[in-house]
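Enquirer: got a sequence here, can you model it:
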Amino acid sequence: QLQLVDSGGGLVQPGGSLRLSCAASGWTLDSYAIGWFRQAPGKEREGVICIGSRGGMTNYAASVKGRFTISRDTANHMVYLQMNSLKPEDTAVYYCVARRLGIDLCTLSTGFYTNWGQGTQVTVSS
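Expert: Numbering: from 1, shown residues only. From the prediction side, this is the model:
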């Protein structure tokens, strides 16, 4: 069973950058679609970005396209979310997600993913 542990959240000023990390254990990541979701207070959880198991497909929420990047380090069992030009509306708890999949596909649908991290808080404020 793949387990995910999120880290790297914190307080950052508007316009700043932050990199979130997700450590995977229990399985290798190279056969998993991976992604990041977030949930702001009083709002539903939403998909932010994802990448297919072979890296040939990525999907972005319109609100983060051009600012957020997802990457994976399969050898070290890590997933990263690089966030640039952060805005106050990016404030949320961020979750790393994964699903074992034999094809190069990912979606931003909550129900698609079977494995979730515990979440890490990101606050964008001056």
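
Enquirer: in terms of helices and strands, where is residue 36?
Expert: Taking DSSP states H and E as the criterion, residue 36 maps to strand 32-39.

Enquirer: what do you get for residue 69?
Expert: strand 68-73.

Enquirer: the strand holding residue 36 pairs with which strands?
Expert: The pairing partners recorded for strand 32-39 under DSSP bridges are strand 46-51 (antiparallel), strand 92-100 (antiparallel).

Enquirer: and the strand holding residue 69, how far from the chain's centre?
Expert: Distance of strand 68-73 from the chain centroid (Cα atoms, centre = their mean, to the nearest Å) equals 8 Å.

Enquirer: distance from the next helix or strand after that strand to the middle of the chain?
Expert: Next helix or strand after strand 68-73 toward the C-terminus (DSSP H and E): strand 78-83. Chain-centre distance of strand 78-83: 7 Å, with Cα atoms, centre = their mean.

Enquirer: could you check the angle strand 46-51 makes with strand 78-83?
Expert: Here the directions of strand 78-83 and strand 46-51 differ by 120 degrees (axes from the mean of the first three to the mean of the last three Cα atoms, to 10 degrees).

Enquirer: please renumber the chain so that the first residue is 41 from this point on.
Expert: Sounds good: first residue 41 from here, last item strand 118-123.

Enquirer: quick one: list the elements packing against strand 118-123.
Expert: Under the contact definition 3 or more Cβ pairs under 8 Å, 6 or more residues apart in numbering; DSSP states H and E, strand 118-123 sits against strand 58-65, strand 108-113, strand 132-140. Backbone N, C-alpha and C define where each C-beta goes, glycine included.

Enquirer: rerun at 10 Å
Expert: strand 43-47, strand 58-65, strand 72-79, strand 86-91, strand 108-113, strand 132-140, strand 160-164 (3 or more Cβ pairs under 10 Å, 6 or more residues apart in numbering; DSSP states H and E).

Enquirer: most tightly packed of these?
Expert: strand 72-79 (a mean of 24; mean count of other Cβ atoms under 10 Å).

Enquirer: now do that strand and strand 160-164, the angle between them.
Expert: 50 degrees.
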